[in-house]
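Visitor: A structural model of the following input is requested.
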Amino acid sequence: MTARLIDGKAYAEGLRGRIAHRVAAFRQATGRAPGLAVILVGDDPASRVYVANKAKQTVEVGMASFEHRLPADTAQAELVALVEALNADPAVDGILCQLPLPGHLDELAVIAAIDPDKDVDGLHVVSAGRLASGLPGLVSCTPLGSMMLIRDALGDDLSGREAVVIGRSILVGKPVAQLLLAANCTVTIAHSRTQGLPDVVRRADIVVAAVGRPEMVKADWVKPGACIIDVGINRVAAPDKGEGKTRLVGDVAFAECAQVAGSITPVPGGVGPMTIACLLYNTLLAAHRREGLAEPEGMT
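Guide: I've put the predicted structure just below:
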C-alpha cells in the first residue's frame, strides 16, 4: 500500500475532544449545556443501536441528551406535534429524527417541520438552500465529515483542485459537491449513468465515492496521488470467513486503489465514525448561534 490511510476514527475522537472543551466553555458562558433531541419511531434494531450511540457520545462531551422513543404506530400529527414542541424548547439546540420512519409516515413533512436553525442533520430544504447560496447554515453530517477528512489529507487550501463526486443524492452527493465548490474546487458530479465514467474519475485530484455500488471504483480509474473519500457502506458475501458470513466494503476497491492513490479512507473506519462527531459539532454550532455567541474556532 502506498496511499496514506485517512483514519476517520482517530479524527472523530480528536474532534469530540475539541467539542467537549468548547462545551465546557459554553456552559460557563450561558449556565446551560447545548441540548440535542433525538426522535426514534418504532423499534428498528439498527436505528436503535445508532440512537444509543448518539446519546452516549452526546453525554460524553458534556451535552444534554433528550431521547424521544415513540411506538411504530405513532400518527403523523403526533410526531409533528413533538417536533414543534422541541422547536419551541429553549433547552434544545438540535433536533434529529432518526430515519427511516415507518412507512405510514411522511419523512419529508417531518423534516420540513424542524426549525432550520435546529436542523443538525442538515436535511431541511432551507439548510440545503443556505448551503447552495453560500449562507450560514447547518450542513449534513456525512458531507461535513468528508470535507474535514479531505482537508486533513490535503490541507486547508483546496483552490484549483479538480474533484469528482460519484453520486447525486441529497444526503451526500449534492451537499459535498457544494462544499467542494465553496472551497474553490472545480467539481464534476458523476453517477452510474455517466458516460466514460472511468475517464471522468481519472481527472480528479479528489474523488468522493457515494454511489452505493460495492467496489465499483477500480485502480485504473484513479489518478496517481489522488485523495479518495469512500462514503459507501455495502455488505457483501465473505465465503472465505465461512458459509453465510459477510463483510463491509465501500464503493472503492480499496486494496488495489490504495496502490495508486495518495490518500484513502478505509471502510469501515473512514467516513463512518465522523457522522456522529459532526452531529455533535452541528449541535454546538447551533447552540452558539442561538445564544448570539461567536462561532467556535479551531474545531476542524
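Visitor: what sits up against the longest helix seen in the chain?
Guide: Among the segments of the chain that qualify as a helix by DSSP state H, the longest is helix 8-30. The contact list for helix 8-30, computed with Cβ atoms under 8 Å, 6 or more residues apart in numbering, reads 33-34, 57, 60-63, 145, 148-149, 152, 265, 269-274, 276-278, 280-281, 284, 287-288, 291, 293, 296, 298-300. The way it works is simple: take the backbone N, C-alpha and C, and place the C-beta from them, glycine included.
Visitor: Buried only: go through the residues you listed for me.
Guide: 33-34, 57, 61-63, 145, 148-149, 152, 265, 269-274, 276-278, 280-281, 284, 287-288, 296, 300 (16 or more other Cβ atoms under 10 Å).
Visitor: Let me see the ranges of the strands in the stretch 101-250 of the chain.
Guide: 162-166, 186-190, 206-209, 227-230, 234-237, 246-249 (DSSP state E, counting those that start in this stretch).
Visitor: in its sheet, what does the first one sit against?
Guide: Note on strand 162-166: by DSSP bridges, its sheet partners are strand 186-190 (parallel), strand 206-209 (parallel).
Visitor: Next, format these as CSV and append mean pLDDT, distance to residue 67 and mean neighbour count.
Guide: Below are the strands paired with strand 162-166 laid out as CSV (pLDDT from 0 to 100; distance: least, Cβ to Cβ, whole Å; neighbours: other Cβ atoms under 10 Å):
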stretch, mean pLDDT, distance to residue 67, mean neighbour count
strand 186-190, 98, 36, 18
strand 206-209, 98, 32, 29
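Visitor: The nearest residue to residue 235 once chain neighbours are set aside - how many residues pack around it?
Guide: The shortest distance from residue 235 to any non-neighbouring residue, by Cβ to Cβ, 6 or more residues apart in numbering, is to residue 246 (4.9 Å). Residues lying near residue 246 (other Cβ atoms under 10 Å) number 12.
Visitor: And residue 12, by the same measure?
Guide: Residue 12 has 24 nearby residues by other Cβ under 10 Å.
Visitor: Equivalent analysis for residue 254, please.
Guide: 22.
Visitor: Okay, it and residue 158: tell me how far apart.
Guide: 23 Å (Cβ to Cβ, to the nearest Å).
Visitor: Residue 196 now?
Guide: On the measure of Cβ to Cβ, residue 196 and residue 158 end up 25 Å apart.
Visitor: higher neighbour count, those two?
Guide: Shown here are residue 196 and residue 158; by other Cβ under 10 Å, residue 158 has more neighbours (20 against 9).
Visitor: Just the pLDDT at the closest residue to the more buried one other than its chain neighbours, thanks.
Guide: Among residues not flanking residue 158 along the chain, residue 183 sits closest, at 4.3 Å (Cβ to Cβ, 6+ apart). At residue 183, the predicted lDDT confidence score is 97.
Visitor: Report the contact partners of residue 183.
Guide: 147, 158, 159.
Visitor: if we can go back for a sec, beta partners of the residue nearest to residue 235?
Guide: Here residue 246, judged by DSSP bridges, has bridge partners residue 237.
Visitor: Would you agree it is in contact with residue 239?
Guide: No - under the criterion of Cβ atoms under 8 Å, residue 246 makes no contact with residue 239, lying 9.8 Å away.
Visitor: how far away is residue 246 from residue 287?
Guide: Distance from residue 246 to residue 287, by Cβ to Cβ: 40 Å.
Visitor: ok, the residue positioned nearest the centre of the chain to residue 184 distance?
Guide: The residue lying closest to the centre of the chain (Cα atoms, centre = their mean) is residue 142, at 1.4 Å. From residue 142 across to residue 184, the span is 22 Å (Cβ to Cβ).
Visitor: ditto for residue 232
Guide: 26 Å.
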